[in-house]
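Undergrad: Structure, please.
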Amino acid sequence: MELPGFRSQQLQKAVSSLLKYVGDADKSTQLLEEDEVFHLVVSLKKAPVGPRKDKPIRIAIPHPLWTAQGAEVCLFVKDHKGEGHKAAKQRLAKLLKNGGVAKVVGLSKLRTKYESHEAKRQLCSSYDLFLADERIIPSLPKLIGKNFFKRKKQPIPVDMRAAD
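TA: Numbering: from 1, shown residues only. Next comes the predicted model:
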């Protein structure tokens, strides 16, 4: 990863001067040898910009953990004043068997109906797989709680704006 403002030549100069200092300190006349501990702290003026950590990376594997048959799937969607999840339900109704999705939950319903910890735990245990509109992925960890992440049921991002 390329860091802005990072100069490798300056780092090499610092390390070589540190090694030179350690080499000069060894020439002292001490009766017993003592180990010296050095701590190197590298700080940057600007934080490096990297890939998002809250969005998982898709890796194709030959034998998947979940298949479309028999898996209970819940979909979290972005809604505006409780109305947006109806459009997602209509889109899924056009697909064969609702595209494998058993329940569609809007963000507003997630905030109100699943506010308590017990309701979140019950939601987590009632479905095998969770999908989420990729536009709401950054706001989901606070809404669904840590229980989803402990049970390894982090919602998988799906582009709901795409045609397919």
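Undergrad: and stretch 41-48, how far from the chain's centre?
TA: 22 Å (Cα atoms, centre = their mean, to the nearest Å).
Undergrad: For that stretch, buried residues please.
TA: Buried positions in stretch 41-48, judged by neighbour count with 16 or more other Cβ atoms under 10 Å: none. Backbone N, C-alpha and C define where each C-beta goes, glycine included.
Undergrad: Please apply the same query to stretch 141-155.
TA: Those would be Ile144, Gly145, Phe148, Lys153, Gln154, Pro155, for stretch 141-155 by 16+ other Cβ under 10 Å.
Undergrad: ok, and what's touching that stretch?
TA: For stretch 141-155, contacts defined as Cβ atoms under 8 Å, 6 or more residues apart in numbering pick out 54, 56, 76, 107, 110-111, 114, 117, 120-121, 123-125, 127, 129-132, 137, 140.
Undergrad: Among those residues, name the ones in strands.
TA: Counting by DSSP state E, the contacts of stretch 141-155 place Phe76, Leu129, Phe130, Leu131, Ala132 in strands.
Undergrad: sorry, back to before: any chance of the buried residues of stretch 141-155 in JSON lines, plus secondary structure and distance to Leu11?
TA: Listed next are the buried residues of stretch 141-155 as JSON lines, based on DSSP: H, G, I helix; E, B strand; the rest coil; distance: Cβ to Cβ, whole Å:
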{"residue": "Ile144", "secondary structure": "helix", "distance to Leu11": "42"}
{"residue": "Gly145", "secondary structure": "coil", "distance to Leu11": "42"}
{"residue": "Phe148", "secondary structure": "helix", "distance to Leu11": "41"}
{"residue": "Lys153", "secondary structure": "coil", "distance to Leu11": "42"}
{"residue": "Gln154", "secondary structure": "coil", "distance to Leu11": "37"}
{"residue": "Pro155", "secondary structure": "coil", "distance to Leu11": "40"}
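Undergrad: Okay then, goodbye and thanks.
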